[in-house]
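Q: 3D, please:
(chains A and B, ligands or ions: 4)
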Number of protein chains: 2
Amino acid sequence: MSEWISAARAAAEAARNLADAAREKVAESIAPSGQIDAALADRHQRMLHGFAWIATTGEALSATAAWAARANASHAFAEIEELVLRIGFGEYCAQLIGGVPMSQSEIARPFELGIEEAAARFAKDEAVARFFARGNTVETRAALAARLAKGERPDERLGDETLDMIRDQFRAFTANRIAPHAQAWHLADALIPIEVVDEMAGLGVFGVCIAEKYGGLGLGKLAMALVSEELSRGWICAGSLGTRSEIAGELIGENGTEAQKAKFLPRLADGTILPTAVFTEPDTGSDLASVRTKATRDAEGDWRIDGAKTWITHAARADLMTVLCRTDAATPGYGGLSMLLAEKTRGDEATAFPDEGIAGEEIEVLGYRGMREYTLAFDDFKVPADSLLGGAEGMGFKQLMRTFEGARIQTAARAIGVGWNAFDLALTYAMERRQFDRPLIAFPRVSDKLAVMVAELVMARELTYAAARHKDKGERCDIEAGMAKLIAARVAWSNADANVQIHGGNGYALDYAASRVLCDARILNIFEGAAEIQAHVIGRGLVASRLAMSESAM
Amino acid sequence: MSEWISAARAAAEAARNLADAAREKVAESIAPSGQIDAALADRHQRMLHGFAWIATTGEALSATAAWAARANASHAFAEIEELVLRIGFGEYCAQLIGGVPMSQSEIARPFELGIEEAAARFAKDEAVARFFARGNTVETRAALAARLAKGERPDERLGDETLDMIRDQFRAFTANRIAPHAQAWHLADALIPIEVVDEMAGLGVFGVCIAEKYGGLGLGKLAMALVSEELSRGWICAGSLGTRSEIAGELIGENGTEAQKAKFLPRLADGTILPTAVFTEPDTGSDLASVRTKATRDAEGDWRIDGAKTWITHAARADLMTVLCRTDAATPGYGGLSMLLAEKTRGDEATAFPDEGIAGEEIEVLGYRGMREYTLAFDDFKVPADSLLGGAEGMGFKQLMRTFEGARIQTAARAIGVGWNAFDLALTYAMERRQFDRPLIAFPRVSDKLAVMVAELVMARELTYAAARHKDKGERCDIEAGMAKLIAARVAWSNADANVQIHGGNGYALDYAASRVLCDARILNIFEGAAEIQAHVIGRGLVASRLAMSESAM
Ligand SMILES: Cc1cc2nc3c(=O)[nH]c(=O)nc-3n(C[C@H](O)[C@H](O)[C@H](O)COP(=O)(O)OP(=O)(O)OC[C@H]3O[C@@H](n4cnc5c(N)ncnc54)[C@H](O)[C@@H]3O)c2cc1C
Ligand SMILES: Cc1cc2nc3c(=O)[nH]c(=O)nc-3n(C[C@H](O)[C@H](O)[C@H](O)COP(=O)(O)OP(=O)(O)OC[C@H]3O[C@@H](n4cnc5c(N)ncnc54)[C@H](O)[C@@H]3O)c2cc1C
Ligand SMILES: CC(C)(COP(=O)(O)OP(=O)(O)OC[C@H]1O[C@@H](n2cnc3c(N)ncnc32)[C@H](O)[C@@H]1OP(=O)(O)O)[C@@H](O)C(=O)NCCC(=O)NCCS
Ligand SMILES: CC(C)(COP(=O)(O)OP(=O)(O)OC[C@H]1O[C@@H](n2cnc3c(N)ncnc32)[C@H](O)[C@@H]1OP(=O)(O)O)[C@@H](O)C(=O)NCCC(=O)NCCS
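A: Ligands and ions are numbered 1, 2, ... in the order given. Down below sits the predicted model:
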């Protein structure tokens, strides 16, 4: 076994200790009584979120160490894997000491959390010191870039033939059917052609996680992550077409009545029903528990929906809406919310929203095109009595939060795909473009970017797969999903940014895919829970579980 | 005097010492013989550029300390100035120790340069430690955000009535004539209306630095920076309209024959001639010395231009081209290049390039719209014999490099303007938008971003003004100009990014200016010398001047 693999395990362990130290400090500040005080959590938000980022960085290290060990066990740990490991650990260990970028304007540094001593201990840890000195260096980055230029890629096999086959299948599909057209579809602000949607349906994209007995593939979130990653590698839209089916499929699969399952799941799985996720409102984005769109029962027991929604992706071409709405006006918080499964008529270019009681307008966007976003106004829109998800009133928010776990893992996977797209474009350009008599990749500032792009992709990917495996066990995993989404979105964005920079002026031209990938990448830090919301979920969750543990130990 | 001002001076001094230590290390690596070895400079590029970023950060601290002292001397150093100083120094000192972000994927850390000891000394410096502990804290950031929300802004007066008046004048013009229309002009990908160009001409925008005897305002680069900053605060295009006039004006003013000055300067100054800067070629961007477009003399002594240029801003509507071309085919490097002042016919919507011998195509772009970029193909395009700038063959490159100093200062000022635009939008949105029952600005992750945006803007601005003052002394200042451009472009980009994040989903909508400002900001790290090129110029320049000093001391 490479000395680096054991070093990686040890460094990941050290990172966990560092995160634990941070957690103690945060708990002292926001839960002095042994319970989290929401007002204190807000006041010490920077600290709490800094801790979330530190813990996330540590988990990325753990997941990457596990990847290396697995690769090694299957004799797939060779030079390129070692280089990725060294560079990735070198970089993230250095971030843990010097500061983890939460955004370009906010760096989480040990002293802010009062963990300077723990950070100093971390820096002195033998394994960490080794990565520091010989991990992320001029030489390792150059060596990695050279291997990448030769077409080598770090091991991505999953030790499961079906999964590896799925990856190959979707990589080929993306290369043939998506990548060649993505730029044109993006520039035209066109809906992705329905034929392509149908082909994807044929491949099972919309039913990856739907049970076989309902016509789905009956696979888990790991498979879903793979599919999303590979499709997004050609265009984020392709990797996102399945998002709403995944959400609707899980909402119904986990919570639906038998009749709802039988009615919707098979048609979701084969793509005859395209759903849309109707949660956000003009005044309510991050704070979903405050949703105000009302659903009231009429005399026949049917529902009437009234209110304004916004940012609804693929709404016009959808056949089914999963609508989060307030069915109990008297209960203000999340307890008054329910989920309705509201069918609608698919719109076309002439009439986007044919149904009475629904009006919608397109919101033009920077990227993430191909499905279009809409505002929706419901005016006494009628939905049959049996549309309440699981027949359970007041459960909408929790049903949704569980589902968001899968959606966030899926979003992390999309981010990885977008990040690879950026890398693929950057590598090709850096090898072809010459300046000062040499290919760009000959310059360290260019090869450094390429090397770090790949190292971070592997780390974010492995964290995402780890979250997917966790979810597949059926356990609550909003923390794990949040971590994956948090870091993958940052990596997609930094990779897209680096890709533009490597392209120079051409990266700014609409004709080059680099400019599109930049625009596409920017959404990932915003939707499915903005970066700040993920940090909140992670930080609060970790502190709470620690408090719960100490309590149960008493 | 506030204790913080003397601490700032001391910390800036300590930063300079740190940069000096870095310079010694870099010199050992790239100039072992006492002369810079270009191959070694390439091999150790990361180190060289890391040093450039460290030195730049240090200079930003010096310039900011000087600002504080000046403000203090004029009794303008109050609470908000102190907060900006503390946060700015706290942040940049922490970066010097923990890592300076050169890009999102590349962080320059002390250990890479072998200056851990110097960094440890720096960290222990009394003034630095003070900023570390009490500079950039939860409390100072919240206090700064609160003052910003009340409409307070850090002192921006320049101790010169004319300059302060110019700022006011252009701020008002921008607010009235530019800001209300920028978004629509951007979305329409329209040329900025010629009436607006004419109004700007009336205000003297195109002749700020042109001598009074040629009809200009006869002001210096500091005034030019102010004008550019204020116009860019509404739209980068407005602040960029003058860029080409500034370049042409300086090229001619500094190098032209008396006839060329008399012919062109007055018409440049009053805006009757709009020039365009024709340097970049499809195969030649950063490495301008390799330009291949040829100019040959015909029998009458007139010039014939042949070749392909690209990325030429405002080319169609321009009347005069400053063309960098190879007049001596036998001399490959910069020595064979000359600058031609080539008049052309202004195009219109129907015919963009009416002249025989010039063909052009628009390049569609992400942002920086309003003037349009073009490829240009010259086919035996005829230019009269007296068009050679200064009548001096082979001087084109050096003439241009001198001029780029001013252009880069101007670009830094544009970046500051764009960064303010992002801040202005972010502050307004954060105060208006409510979530979780509170305005966004009540959340530390939002107010932190706002505070750092302003602190960095002040630091980048003061570095830019310092470079402008330097240039106004007539000294070579590619290092200072490069530093200003380097950091201002990063700040514009991080601010634009933070602004989008604060806007949440709305930041991604084309209807919100936040999405435009993001696109506009992205160009600043690419053109007028990409970030990597500035780091090269700065790093190499500082090492060389140090070597020269030691030599002359011998
Ligand atoms: C292209 C696109 C597609 C989308 N598709 C869908 C869809 O199909 N269905 C759907 O329902 N929604 C969709 N959304 C909406 C998306 O989920 C929301 O934009 C997102 O949840 C953020 O909400 P918001 O935009 O209202 O931002 P806000 O909630 O207003 O947040 C603005 C900023 O403030 C920060 N912030 C908010 N609260 C806090 C706090 N307490 N502490 C610190 N910071 C805070 C946020 O992190 C963010 O940076 C889409 C959005 C976009 C842009
Ligand atoms: C909107 C826009 C407007 C423009 N307007 C004009 C104009 O009016 N007139 C004009 O003449 N030009 C103009 N330009 C061109 C601009 O100046 C060039 O794009 C810029 O100089 C970079 O050159 P390039 O695009 O060829 O990139 P390249 O030189 O190909 O560089 C690509 C990447 O490689 C990096 N790189 C290159 N060499 C090295 C090295 N030795 N070491 C490390 N990294 C390196 C660069 O930093 C960059 O990241 C414009 C460009 C744009 C996008
Ligand atoms: C901010 C946010 C995390 C909720 O915060 P909140 O209002 O403080 O709500 P809580 O986290 O306290 O959750 C409320 C309840 O749901 C439960 N819950 C939350 N997440 C859960 C999960 N993943 N699994 C099971 N239960 C969950 C909580 O335990 C709590 O239950 P309790 O009151 O019985 O203890 C949530 O609104 C959110 O994710 N916002 C982002 C919106 C988004 O992603 N939109 C994308 C649309 S495409
Ligand atoms: C990369 C770059 C800095 C030049 O690098 P280079 O080819 O190594 O050239 P050098 O820096 O060695 O300069 C060549 C000569 O010009 C001189 N020179 C360079 N900058 C100068 C300045 N600001 N003032 C005076 N002389 C200057 C050098 O001293 C050198 O002269 P010497 O040979 O007599 O010593 C230059 O090509 C550049 O700025 N590229 C970016 C292009 C750009 O900004 N485009 C924007 C178009 S809008």
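
Q: got the residues of the stretch 451-554 of chain A near ligand 2?
A: Proximity of the stretch 451-554 of chain A to ligand 2 (C-beta under 6 Å from any ligand atom) is limited to residues A:501, A:502, A:504, A:505, A:506, A:508. Where you see a C-beta, it was placed from the backbone N, CA and C, and this is true even at glycine.

Q: The same query, at a cut-off of 8 Å, please.
A: A:501, A:502, A:503, A:504, A:505, A:506, A:507, A:508, A:509 (C-beta under 8 Å from any ligand atom).

Q: Where does pLDDT dip in the stretch 351-500 of chain A?
A: For the stretch 351-500 of chain A, no stretch has pLDDT under 70.

Q: show me where it has helices.
A: A:396-432, A:444-472, A:478-503 (DSSP state H, counting those that start in this stretch).

Q: Contacts (any at all) between ligand 1 and stretch A:482-492?
A: No. Using C-beta under 8 Å from any ligand atom, stretch A:482-492 never reaches ligand 1; the gap is at least 11.5 Å.

Q: Please identify the residues of chain A in proximity to ligand 3?
A: When proximity is defined by C-beta under 8 Å from any ligand atom, chain A lies next to ligand 3 at A:38, A:247, A:277, A:279-280, A:285-289, A:311, A:313, A:333-334, A:397-398, A:401-402, A:404-405, A:407-408, A:476-478, A:481, A:527-530, A:533, A:536-537, A:540.

Q: Just the buried residues of those residues.
A: With neighbours counted by 16 or more other C-beta atoms under 10 Å in any protein chain shown, the residues of chain A next to ligand 3 contain buried members at A:247, A:277, A:279-280, A:285-289, A:311, A:313, A:334, A:397, A:402, A:404-405, A:407-408, A:477-478, A:481, A:527-530, A:533, A:536-537, A:540.

Q: and the angle for the helix or strand hosting residue A:81 with helix A:478-503?
A: Using DSSP states H and E, residue A:81 falls within helix A:79-98. Put simply, helix A:79-98 runs at 110 degrees to helix A:478-503, going by axes from the mean of the first three to the mean of the last three C-alpha atoms, to 10 degrees.

Q: Helix A:79-98 packs against which elements?
A: The contact analysis (3 or more C-beta pairs under 8 Å, 6 or more residues apart in numbering or on different chains; DSSP states H and E) places helix A:79-98 against helix A:3-30, helix A:45-73, helix A:116-124, helix A:126-134, helix A:138-149, helix A:444-472, helix B:79-98, strand B:106-108.

Q: rerun at 7 Å
A: Here helix A:79-98 touches helix A:3-30, helix A:45-73, helix A:116-124, helix A:126-134, helix A:138-149, helix A:444-472, going by 3 or more C-beta pairs under 7 Å, 6 or more residues apart in numbering or on different chains; DSSP states H and E.

Q: For stretch A:305-324, list the C-alpha coordinates in PDB.
A: What follows is stretch A:305-324, C-alpha atoms only, in PDB (Å, rounded to 0.1, in the frame of the first residue of the first chain):
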ATOM      1  CA  ILE A 305     -55.100  26.700  -4.800                       C
ATOM      2  CA  ASP A 306     -54.400  30.400  -4.600                       C
ATOM      3  CA  GLY A 307     -51.200  32.200  -4.500                       C
ATOM      4  CA  ALA A 308     -48.000  33.100  -6.300                       C
ATOM      5  CA  LYS A 309     -45.000  30.800  -6.900                       C
ATOM      6  CA  THR A 310     -41.800  31.700  -8.700                       C
ATOM      7  CA  TRP A 311     -38.700  30.100 -10.100                       C
ATOM      8  CA  ILE A 312     -40.600  27.000 -11.200                       C
ATOM      9  CA  THR A 313     -38.300  25.100 -13.600                       C
ATOM     10  CA  HIS A 314     -39.900  23.300 -16.600                       C
ATOM     11  CA  ALA A 315     -43.300  24.400 -15.500                       C
ATOM     12  CA  ALA A 316     -44.900  24.900 -18.900                       C
ATOM     13  CA  ARG A 317     -44.000  21.500 -20.300                       C
ATOM     14  CA  ALA A 318     -44.900  19.700 -17.100                       C
ATOM     15  CA  ASP A 319     -47.900  17.500 -16.500                       C
ATOM     16  CA  LEU A 320     -47.700  17.200 -12.700                       C
ATOM     17  CA  MET A 321     -47.000  19.800 -10.000                       C
ATOM     18  CA  THR A 322     -45.800  18.900  -6.600                       C
ATOM     19  CA  VAL A 323     -47.100  22.000  -4.800                       C
ATOM     20  CA  LEU A 324     -46.100  23.000  -1.300                       C
END
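
Q: Please work out the average pLDDT along it.
A: The average pLDDT for stretch A:305-324 rounds to 98.

Q: Kindly report the same for stretch A:104-124.
A: 97.

Q: so how far is that stretch off the chain centroid?
A: Between the centre of stretch A:104-124 and the centre of its chain there are 26 Å (C-alpha atoms, centre = their mean, to the nearest Å).

Q: Buried ones in it, by neighbour count?
A: Of the residues in stretch A:104-124, A:104-110, A:112-115, A:118-119, A:122-123 count as buried by neighbour count, 16+ other C-beta under 10 Å.

Q: Kindly report the same for stretch A:337-349.
A: Counting neighbours by 16+ other C-beta under 10 Å, stretch A:337-349 gives A:337, A:338, A:339, A:340, A:341, A:342, A:343, A:344, A:347 as buried.

Q: close enough to count as contact, the last one and residue A:354?
A: Yes. With contact defined as C-beta atoms under 7 Å, residue A:347 counts as touching residue A:354 (5.9 Å).

Q: rewinding a little: I'd like the helices and strands packed on helix A:79-98 written out as a markdown table, with distance to residue B:65 added.
A: Formatted as a markdown table, these follow (distance: least, C-beta to C-beta, whole Å):
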| stretch | distance to residue B:65 |
| --- | --- |
| helix A:3-30 | 33 |
| helix A:45-73 | 26 |
| helix A:116-124 | 26 |
| helix A:126-134 | 32 |
| helix A:138-149 | 33 |
| helix A:444-472 | 30 |
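
Q: quick one: which of those is nearest residue B:322?
A: Proximity to residue B:322 (C-beta to C-beta) singles out helix A:444-472 among the helices and strands packed on helix A:79-98, at 29.1 Å.

Q: Next up, phi/psi of the one residue in chain A that gets nearest to ligand 4, please.
A: Taking C-beta to the nearest ligand atom, ligand 4 has its nearest neighbour within chain A at residue A:436, 7.6 Å off. Main-chain torsions, residue A:436, degrees, to the nearest 10: phi 50, psi 40.

Q: which ones are touching it?
A: Under the criterion of C-beta atoms under 7 Å, 6 or more residues apart in numbering or on different chains, the contact list for residue A:436 reads residue B:287.

Q: how far away is it from residue B:396?
A: Distance of residue A:436 to residue B:396, given as C-beta to C-beta, to the nearest Å: 19 Å.

Q: One more: residue A:444?
A: Distance of residue A:444 to residue B:396, given as C-beta to C-beta: 30 Å.

Q: quick one: which of those two has more around it?
A: residue B:396 (32 against 23; other C-beta atoms under 10 Å in any protein chain shown).

Q: show me the contacts for that one.
A: By C-beta under 7 Å, 6+ apart, the contact list for residue B:396 reads B:324, B:337, B:338, B:339.

Q: Pick out the residue of the stretch 1-150 of chain A closest to chain B.
A: Chain B sits closest to residue A:98 of the stretch 1-150 of chain A, with a gap of 3.0 Å, by C-beta to the nearest C-beta.

Q: Nearest residue to that residue in space, please, no chain neighbours.
A: Ranked by C-beta to C-beta, 6 or more residues apart in numbering or on different chains and with sequence neighbours excluded, the top spatial neighbour of residue A:98 is residue B:98, at 3.0 Å.

Q: if I read this right, that neighbour contacts residue A:99, doesn't it?
A: Yes. With contacts counted by C-beta under 7 Å, residue B:98 reaches residue A:99, the gap being 4.4 Å.

Q: Compare neighbour counts for the two and give me the winner.
A: Neighbour count, other C-beta under 10 Å: between residue B:98 and residue A:99, residue A:99 has more, with 25 against 22.
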